[in-house]
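Student: sequence plus the predicted model coming up.
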Amino acid sequence: MSSSSPVDNPTSHPPQQVASGSAANAITPHPSALSTDGSPVGFWITGTRKNVKTNDSRLNDDPQALQHFLLTHASGRPTVLIECKGTHEVEDYNVGFGGSSTNIVTDFHFTVDISSALLPANTYGAPVWVIADEEPAKRGKYWRQIDYDPNPPAQAQTPANLEAGHLWLQRRQATPLERKQGLDDAQRRRALGLPPWACISAQTPDPTGVRLLFPGDRLRFENASACAIEDFSDSDLVAPTKTLDEWTEEYCASWSPLKEFRFIRTVYGWDLDEVQRQVKRTLASCHSGDRKKETARVIIKGNKVVVRPKNPLWWIFGSGFFRFWLYITLVYPIILWPIKKYVLGRCWKVAGSSFAFVRYEHLEDSRHGETVAQYIARVPQAPPAKDLKATSRGISKIVGQRFADWYLVNSQHFSSAANRRSEADRYRNNLIVV
């Protein structure tokens, strides 16, 4: 997807029930991290990666407290950075020995914080997603598994049957092909700027390059290409069978001293590969010449919320210095790592929240089956046609900025920083907030 192809406002299948009066399928934000008895939950922010971690014992035994903690931190958006670096090669001739060597000289090195371009969590909190049944994921093991129905009746996976609980799922290890398809899905989501639930694995690839869960979904992609996938409407997705509260119950029921629950905070709406290419072109215009090189890399920090029990085993695996010492003595790779992965280790990586750079939101005054032209003719104060699109619900309006529009205003931050040639700024990785 190009940077001008966001998806609809992600309200398709958050896993929680909402109190009356709230928007459908919305999650009410929690003001602070408290346990069910009202006492605060201890947690800390890691140094360089800015992730949230906790080993509070109540979160490992009480599913409701764990779910409350995850939803509290679901609205904390991650930090999105673009690290920019320019170098050139210098040939160093050693006259005394008649040889030469190539040295890399840094011309500029800075990081731009673009987190302000993310849309804030809405009135009901950040959109929370859970993994699809057929998506290879860590479901209590350190290898990827899928949930499946061993005896699927005709039309079993319908919204009515899912709601009635007519599916009895079993779990099995994902095949190498399924694992590869799952990794391809993750890469495709990043390349197209799609949210975690947009590409859903199935057995048969769709001609447009996106695998779909139900055969009927294929109709939504008629005459669509990978760069025009904005026709996708997440409101048509069917909710996963297992909800977040069921996943937290499964985690708390585990006896393993080496268990952990990883809640992932993701971003979507911009093609991050295209972001890197655009920034690199801007840097090249300020840094052209022979043997010069520019790099632009998108870094996302603070994108994990990790819950673990507090015990000596996790202290051994969590201590970087101690683990390094065990690694060089071969104790970790030969003894501890196999124990963690195959014997005692349990890992759940099945849920998260998402933040959009740009997305479409449904207009409540639109009508089902209405076209953009009809809506503009009917509504006097309608937004411009380029900011509207027709969906299965009616008309949706763009919210936020497309990357092309945002970069047109903010590109000077990159060019001005690259043009600095002072010795103090050359090697220092300065942080620029836009």
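Tutor: Arrived safely.

Student: so where's the stretch 301-434 of the chain uncertain?
Tutor: Within the stretch 301-434 of the chain, the ranges that satisfy pLDDT under 70 run 421-429.

Student: tell me where it has helices.
Tutor: Along the stretch 301-434 of the chain, the segments classed as helices by DSSP state H, counting those that start in this stretch run 312-318, 320-328, 331, 337-338, 372-378, 403-419, 423-426.

Student: wait, which of the ones you listed is closest to residue 132?
Tutor: Minimum separation from residue 132 across the helices of the stretch 301-434 of the chain (CB to CB) falls at helix 403-419, 27.4 Å. In short, each C-beta sits where N, CA and C put it, glycine included.

Student: check which helices and strands that closest one sits against.
Tutor: Packing contacts for helix 403-419, counted by 3 or more CB pairs under 8 Å, 6 or more residues apart in numbering; DSSP states H and E, involve strand 79-94, strand 99-113, helix 272-286, strand 430-433.

Student: follow-up on the earlier one: select, out of the helices of the stretch 301-434 of the chain, the one closest to residue 282.
Tutor: That would be helix 403-419 among those, by CB to CB, at 5.0 Å.

Student: quick one on the thing from earlier: mean neighbour count and distance to residue 81 for the helices of the stretch 301-434 of the chain - can I get that in a markdown table?
Tutor: Converted to a markdown table, the helices of the stretch 301-434 of the chain look like this (neighbours: other CB atoms under 10 Å; distance: least, CB to CB, whole Å):
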| stretch | mean neighbour count | distance to residue 81 |
| --- | --- | --- |
| helix 312-318 | 15 | 25 |
| helix 320-328 | 12 | 22 |
| helix 331 | 14 | 36 |
| helix 337-338 | 14 | 31 |
| helix 372-378 | 15 | 36 |
| helix 403-419 | 16 | 13 |
| helix 423-426 | 11 | 17 |
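
Student: CSV for the ones you listed, including distance to residue 174?
Tutor: Below are the helices of the stretch 301-434 of the chain laid out as CSV (distance: least, CB to CB, whole Å):
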stretch, distance to residue 174
helix 312-318, 24
helix 320-328, 28
helix 331, 30
helix 337-338, 20
helix 372-378, 41
helix 403-419, 33
helix 423-426, 47
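
Student: out of the ones you listed, nearest to residue 92?
Tutor: Of all these, helix 423-426 sits nearest to residue 92, with 18.3 Å by CB to CB.

Student: looking at the helices of the stretch 301-434 of the chain, which is closest to residue 106?
Tutor: Residue 106 lies closest to helix 423-426 among the helices of the stretch 301-434 of the chain, at 5.9 Å (CB to CB).

Student: before we move on, back to that, between the helices of the stretch 301-434 of the chain, which one is nearest to residue 90?
Tutor: helix 423-426 (13.8 Å).
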